[in-house]
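[1] okay, here's the prediction I keep looking at, along with the sequence it came from:
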Amino acid sequence: MPPTPRPSLPEEDQLFRLLRQLDRAPKASQRSTAEALGISLGSLNAQLRAATEAGLIQVQDRPQDADRRQRFSYALTPQGSARKTQLVDRFLARKLTEYHVLHAELTGQDARLIPLTPRTDLMQNNFAPIPELYVSYDSAQKLKHDAAALPSWDLTPRQICDLELLMNGGFNPLKGFMSEADYNSVVETMRMADGALFPMPITLDVNEAFAEKIEAGQDIALRDQEGVILAILSITDKWVPNKANEAAKVFGADDLAHPAVNYLHNTAGKVYLGGPITGIQQPVHYDFKAR
């Protein structure tokens, strides 16, 4: 029996539901996936084709003895995982807005209030679980295998600390290293491009030789100093920053006597990379090597 058609959804919501379903059940048959989404097989195939062409999913053949109705399995690429995260945030924000409007209509209270509490949205978010950027164990094993073929950057100890705070949610709401637009906004106003408060830029600095080999739209593997792949960076931005301006605005003066300014000019790489992070595993800190 064909699935009962659902009301047509905006294209962004269709993509959100597709990526979520494929992440939940990557080995489900196309028929099962279509039924879960409430769409026809034709519509599903069109969405799968579009998502594959956009680089959001990878389609792979399954073993020859698999059920003919389950010939393929699907995996989100790092770019697809990052896109899914963005769509989740937008979906939740829209639903929260709809809730506020409905609450105001039913109660006559300010639409920004949440029932039974006086918390603002910002306060309410402070009680929500901190989102991490790690993928599941199974996805991590597959991504680690795929990432072995990617260009890779060996992180410095300082960069490993930044990456760990990104992956475990310590730098929330950042979903990765800042884009050029977010970097410029934070340097000048201590706010990201969308207005979110953030005190200082968090970017991945690399040397010019490595920067020449990569471009925006490319994925790179991030490794620790032992060569272990910790994460994948989907590069969205590559630029040469004005470090003198960054030093003056972030640290108060472009003075090499300041250790952070000295590091910025004499140790950090000259090119910055930005983009979402897909976390594969936590860094291992070899603090007590003798033991």
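    Perfect, I can see it now. Note that the structure is a prediction, hence the values are computed from the model and not measured.
[2] elements contacting the lengthiest strand in the chain?
    Ranked by residue count and defined by DSSP state E, the top strand of the chain is strand 271-279. In terms of contacts (3 or more C-beta pairs under 8 Å, 6 or more residues apart in numbering; DSSP states H and E), strand 271-279 is packed against helix 78-107, helix 157-167, strand 176-177, helix 180-189, strand 204-206, helix 208-211, strand 229-234, strand 237-239. Quick note: C-beta positions are derived from backbone N, CA and C, even for glycine.
[3] got the angle for the second one vs strand 271-279?
    It refers to helix 157-167. Relative orientation of helix 157-167 and strand 271-279, computed by axes from the mean of the first three to the mean of the last three C-alpha atoms, to 10 degrees: 50 degrees.
[4] contact partners of helix 157-167?
    Residues from elsewhere that reach helix 157-167 (C-beta atoms under 8 Å, 6 or more residues apart in numbering): 132-134, 155, 170-171, 174-177, 202, 204-205, 222, 224-225, 230-231, 277, 279, 282-283.
[5] got a ChimeraX select line for the buried ones in those residues?
    To isolate the buried ones among these in ChimeraX, judged by 16 or more other C-beta atoms under 10 Å, type:
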select :133,134,155,171,174,175,176,177,202,204,205,222,224,230,231,277,279,283
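[6] about what we covered before: quick one, which of the helices and strands packed on strand 271-279 is packed in tightest?
    strand 176-177 (a mean of 28; mean count of other C-beta atoms under 10 Å).
[7] C-terminal to the worst-scoring helix or strand of the chain on mean pLDDT, what's the next element?
    Ranking every helix and strand in the chain by mean pLDDT, DSSP states H and E puts helix 121-126 at the bottom, with a mean of 51. Beyond helix 121-126 on the C-terminal side, the first helix or strand identified by DSSP states H and E is helix 137-147.
[8] show me what contacts Q47?
    Q47 makes contacts with 14-15, 18, 39, as judged by C-beta under 8 Å, 6+ apart.
[9] quick revisit: now the helices and strands packed on strand 271-279 in a markdown table, please, with extra columns for mean pLDDT and distance to S139.
    Putting these into a markdown table (pLDDT from 0 to 100; distance: least, C-beta to C-beta, whole Å) gives the following:
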| stretch | mean pLDDT | distance to S139 |
| --- | --- | --- |
| helix 78-107 | 80 | 8 |
| helix 157-167 | 95 | 14 |
| strand 176-177 | 96 | 17 |
| helix 180-189 | 94 | 26 |
| strand 204-206 | 97 | 22 |
| helix 208-211 | 96 | 27 |
| strand 229-234 | 96 | 11 |
| strand 237-239 | 97 | 25 |
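[10] figure out which of these is closest to A247.
    Nearest of those to A247, taken as C-beta to C-beta: helix 180-189 at 9.8 Å.
[11] only C-alpha atoms, please: export that closest one in PDB.
    Extracted in PDB, the C-alpha atoms of helix 180-189 (Å, rounded to 0.1, in the frame of the first residue of the first chain):
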ATOM      1  CA  GLU A 180      35.700  35.200   7.800                       C
ATOM      2  CA  ALA A 181      32.400  37.000   8.400                       C
ATOM      3  CA  ASP A 182      32.200  35.800  12.000                       C
ATOM      4  CA  TYR A 183      35.900  36.500  12.600                       C
ATOM      5  CA  ASN A 184      35.600  40.100  11.400                       C
ATOM      6  CA  SER A 185      32.400  40.700  13.400                       C
ATOM      7  CA  VAL A 186      33.900  39.200  16.600                       C
ATOM      8  CA  VAL A 187      37.100  41.200  16.300                       C
ATOM      9  CA  GLU A 188      35.200  44.500  15.900                       C
ATOM     10  CA  THR A 189      32.100  43.900  18.100                       C
END
